[in-house]
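# Show me how the following folds:
(one chain, ligands or ions: 1)
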Amino acid sequence: MFGIVDCNNFYASCERVFNPKLENKPVVVLSNNDGCVIARSNEAKALGIPMGAPAFKMEEFLKSNQVFVFSSNYALYGDMSERVMTTIASFVKDIGIYSIDECFLDFTGYKYLNLPKVARSLKNDVKQYTGIPISIGIAPTKTLAKVANKASKKSKELNGVYILDNSQKITDALKVFPVEDIWGIGRQYAKFLKKYNINTAYELSQANDTWIRNNLKIVGLRTVEELRGIPCNDLELVVPNKKAVCTARSFGKLTNNYDLVSEALANYSSVCTAKLRKQKSAANIVTVFLETNPFKVNEPQYYKTKSMELPVATNYTPKIIEYSQQLLKSIWKSGYNYKKCGVVLSGLVQEDTVQQSLFEKGDTEENKKIMSVLDLFNNRYGKDTLRSAAQGYKREWKLRQEKLSPKYTTDWNDLLKIKLK
Ligand SMILES: [Mg+2]
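All right, here's what the predicted structure looks like:
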């Protein structure tokens, strides 16, 4: 049996953990730069606020309905995610983290355990240790576990735990499960299937194999097999390393100031290179891009991207900053109002198998030591405690985050304060 744990309304729930006055109140979290709604509490969903709604268009509505609005606080969400996953991993040996708020569980070998009981106590303990409410779906395949999980949220009686452990239960669940909600069936396929009068997961599971293979390809057939209870997706226990890492953000406001963009890019390069070291990779290629705001149709537009192959793969921050600055200089054109820039590091190799060059020195032992001290410091004392001078201090390019909650769990200065009378 496979399970999937999903944190309910994860970002909104994280905001609630440290701010109990948000309980039972509508809460929304906005995307980078306070753009659109990316997370909603159940109360916010009930008000009819759609996912992706642009915040500036809803200001009045949010205010008049007393919705609590937050900028996204990824330091908090990332740390809370780690806590949730660690708690789950203490219950189940094989877990595969699927996203910031979801992980798969492999219950092979747990057949003598009372799964409903395990699931209940898992749910309770995660809530008690982290404050985050979760839902659990368990079934013979990952695709069915996803179905069970979604269904567990819809019914009050199930209260966040649903186990599809016999064929009758599976059939019943599939008969009321919309085809567009199936894991791996995209919007295009759902539209296509509906044209052929396949509206529920059950109807899809009954479709003819050859027809599925011809129209939904082999991946679609695998999904259908999974709906029939035949596992085709193994649990990926180790998240595969990314083939490229990217850090790109919009500036808080449009800018034509080179120094500002250069400082922002130095910061993105530093964040991106730290990601690289976290997965123990080194990059052979650095790409930088720069763009104006395409929605400002009356302003002159410019978009440019440029890559550079490095003599020796590296994950040494000062080098990546130096290369990305060279690239920025070569694509910069003055007279434009820029909205966004970013850096992509690709051609990744494992850091311990870097091909050396006859003419260029790769990262030295000393470089590596400096980076490990830098990572240690910044993990312990907060992001950018140690930084390159190029990253600056003013941060005028920073994202708009007007409604940012404190970093309760990752910054000493933001620790929750309690007044005792
Ligand atoms: Mg979720």
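# The residue in the stretch 151-300 of the chain that the ion sits nearest to: helix or strand, and which one exactly?
Closest to the ion within the stretch 151-300 of the chain is K153: 9.2 Å, counting by CB to the ion. The way it works is simple: take the backbone N, C-alpha and C, and place the C-beta from them, glycine included. Applying DSSP states H and E as the criterion places K153 in helix 142-154.
# Next: F104.
Following DSSP H and E, one finds F104 within strand 102-106.
# Given that strand, what are its sheet partners and their directions?
Sheet pairing for strand 102-106, assigned by DSSP bridges, gives strand 2-7 (antiparallel), strand 95-99 (antiparallel).
# Can you tell me what sits against that strand?
Residues from elsewhere that reach strand 102-106 (CB atoms under 8 Å, 6 or more residues apart in numbering): 2-7, 85, 88, 92-98, 138, 142, 145, 235-237.
# make it 10 Å
Counting contacts by CB atoms under 10 Å, 6 or more residues apart in numbering, the residues outside strand 102-106 that touch it are 1-7, 10, 81, 84-85, 88-89, 91-98, 118-119, 122, 134, 136-138, 142, 145-146, 149, 233-237.
# And for this structure, the residue most distant from the center?
Largest separation from the mean C-alpha position in the chain: K421, at 40.7 Å (CA atoms, centre = their mean).
# can you give me the helices for the stretch 101-250 of the chain?
115-130, 142-154, 167-175, 187-195, 201-205, 209-227 (DSSP state H, counting those that start in this stretch).
# F289: what's its closest spatial neighbour, skipping adjacent residues?
Once flanking residues are discounted, F289 sits nearest to T305: 3.8 Å by CB to CB, 6 or more residues apart in numbering.
# Please tell me how far the one you found sits from the ion.
To the ion, T305 is 33 Å away according to CB to the ion, to the nearest Å.
# For that residue, grab phi and psi.
Main-chain torsions, T305, degrees, to the nearest 10: phi -130, psi 140.
# if I pick it, what's in contact with it?
Per CB under 10 Å, 6+ apart, neighbours of T305: 287-291, 327, 331, 341-342, 344.
# possible to save the residues you listed as TSV with secondary structure, neighbour count and distance to the ion?
Output for the contacts of T305, formatted as TSV (DSSP: H, G, I helix; E, B strand; the rest coil; neighbours: other CB atoms under 10 Å; distance: CB to the ion, whole Å):
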residue	secondary structure	neighbour count	distance to the ion
T287	strand	19	32
V288	strand	27	34
F289	strand	20	31
L290	strand	22	34
E291	strand	18	31
L327	helix	21	37
I331	helix	15	39
C341	strand	26	31
G342	strand	21	27
V344	strand	19	28
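# ok, now which ones touch A53?
Shown in contact with A53 (CB under 10 Å, 6+ apart): 28, 30, 36-38, 40, 61-62.
# And the pLDDT at it?
Per-residue confidence (pLDDT) for A53: 88.
# what are the ranges of the strands in this protein?
Remark: strands assigned in the chain by DSSP state E are 2-7, 27-30, 37-40, 68-71, 95-99, 102-106, 134-139, 161-163, 245-255, 281-292, 303-314, 338-346, 349-350.
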